Structures are given as C-alpha cells and as structure tokens.
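Participant: My questions are about this predicted structure, shown below with the sequence.
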Amino acid sequence: MARAPRDRAPGIHHVVVGAAGPIDYFRDAIDRMDWIRRLVRALERHEWTCVLMSQMTTHVHLLVDVPDESLPIGMHSLNSHYGKEFNARHGRIGHLIRSRYWSKRMKSTEQLLEAFRYVARNPLEARLCTRPEDWRWGSFGTSCRLSDAFPFVDASVVLSQFAASETAAINALRAFVGQA
C-alpha cells in the first residue's frame with residue numbers, strides 16, 4: 001500500500017526522526033553536535049525557524065516553522081548526510097533512520113502548545129533529567145532565556161500565546177510545561 005502524501009504546507013511542523021531498530025541515533029556528544037550543525041545549515045538554507053528541539057537517545061523531536069514547501073527537501077538532506085556521517089564514523093553499514101521522518105503540521109494554537117509541552121517534557125518523561133530546562137540536548141532552557149546553548153531557537157511564537165511581557169510569558173510557559 002502506498003504511503004499517504006506528506007503535508008508539505010507552510011506552517012509549524014512537529015517532526016520526529018528515529019533510528020532504525022534497537023540502536024542509538026546519537027551515541028555521543030560528537031554525533032549530537034554534528035546533527036545540530038546540520039540542522040542549523042538546513043534552517044539557514046531553507047529559511048526555517050526552529051521553535052524547539054530535543055535530542056533523545058534513539059530519536060529527535062523538532063518544532064520547525066517552514067515558510068514554504070521545503071520540509072521534505074530539507075529533512076531528506078539533513079537525514080541522509082547525518083546518516084552517512086554516523087555510519088562512517090562508527091564503522092557501520094545499513095540504514096540509520098527508521099524510514100522517513102514523521103511530521104504533523106500544527107493547525108491550531110492548542111495543537112502547537114501541546115506539541116511544545118510534549119517535546120519539552122520528553123527528556124523528563126524518559127527520566128533523563130528532573131526539569132525540562134536541565135536537558136543539555138534540548139532547547140527548552142534557551143526558550144525560557146535560562147541558557148544560550150541553542151541561539152538558533154526562536155520560541156517567540158509560543159511565548160506570545162502566554163503574555164505580552166517576556167518575563168510573564170516565560171513564567172507562564174514554564175508553569176504550562178511543568179504541568180503533567
């Protein structure tokens with residue numbers, strides 16, 4: 001049976017990429033930084049905005065604002081180049097990525113906020129940290145101005161849903177994400 005066509009429409013997409021089989025998508029900090037560099041190149045090349053990012057061990061979540069229909073092209077480039085480099089570096093062959101990436105375009109503010117909370121809390125739910133802002137390989141801390149680790153992240157579209165002042169919006173976002 002043929003796959004359903006991708007939603008290529010402009011907008012904010014929740015994107016997930018995972019490793020094929022029982023292997024890690026990121027084995028170490030070098031893998032994670034290589035993937036981030038490749039993401040930043042895709043953001044620049046396609047004029048995307050990264051709203052939130054969280055690298056887990058076997059997969060990665062992105063909330064990315066895409067101004068046109070370039071999501072498949074950009075994700076193909078990101079995934080194929082990362083997979084080839086990962087295999088070369090770790091002396092492995094075969095597919096790293098579990099098939100194509102998954103994505104869902106956010107069609108409402110409520111969907112966006114729930115996706116944001118889900119991605120921010122993913123490391124917490126996996127017991128990788130005790131607070132979402134503490135996950136070293138996620139950008140929630142940057143979204144809340146607690147870190148400058150991911151300067152390419154711009155969560156203003158989410159913050160604007162909470163309050164007019166940045167401080168009030170950040171406090172409200174942290175409370176929202178903190179809710180289980």
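Facilitator: Here it is on my side, so go on. Numbers count the residues shown, from 1 in each chain.
Participant: Any buried residues in the lengthiest helix in the chain, and which?
Facilitator: Longest among the helix segments of the chain by residue count, using DSSP state H, is helix 71-90. Neighbour counts over helix 71-90 (16 or more other C-beta atoms under 10 Å) mark Leu71, Gly74, Met75, Ser77, Leu78, Asn79, Tyr82, Gly83, Glu85, Phe86 as buried. Glycine gets a C-beta too; all of them are placed from N, C-alpha and C.
Participant: Looking at the residues you listed, which is nearest Ala175?
Facilitator: Closest approach between the buried residues of helix 71-90 and Ala175, by C-beta to C-beta: Leu71, at 31.2 Å.
Participant: for the closest one, what are its contacts?
Facilitator: Leu71 makes contact with Arg6, Arg8, His13, Val15, Val64, Ser103, according to C-beta atoms under 8 Å, 6 or more residues apart in numbering.
Participant: How about the first one: what's its closest non-neighbour residue?
Facilitator: What sits nearest to Arg6 in space, not counting adjacent residues and going by C-beta to C-beta, 6 or more residues apart in numbering, is Pro72, at 5.8 Å.
Participant: and if you look at the third one?
Facilitator: By the measure of C-beta to C-beta, 6+ apart, the closest residue to His13 outside its immediate chain neighbours is Ser103, 4.7 Å from it.
Participant: packing partners for whatever helix or strand the one you found lives in?
Facilitator: Applying DSSP states H and E as the criterion places Ser103 in strand 102-105. Here strand 102-105 is seen to pack against strand 11-18 when contacts are counted using 3 or more C-beta pairs under 8 Å, 6 or more residues apart in numbering; DSSP states H and E.
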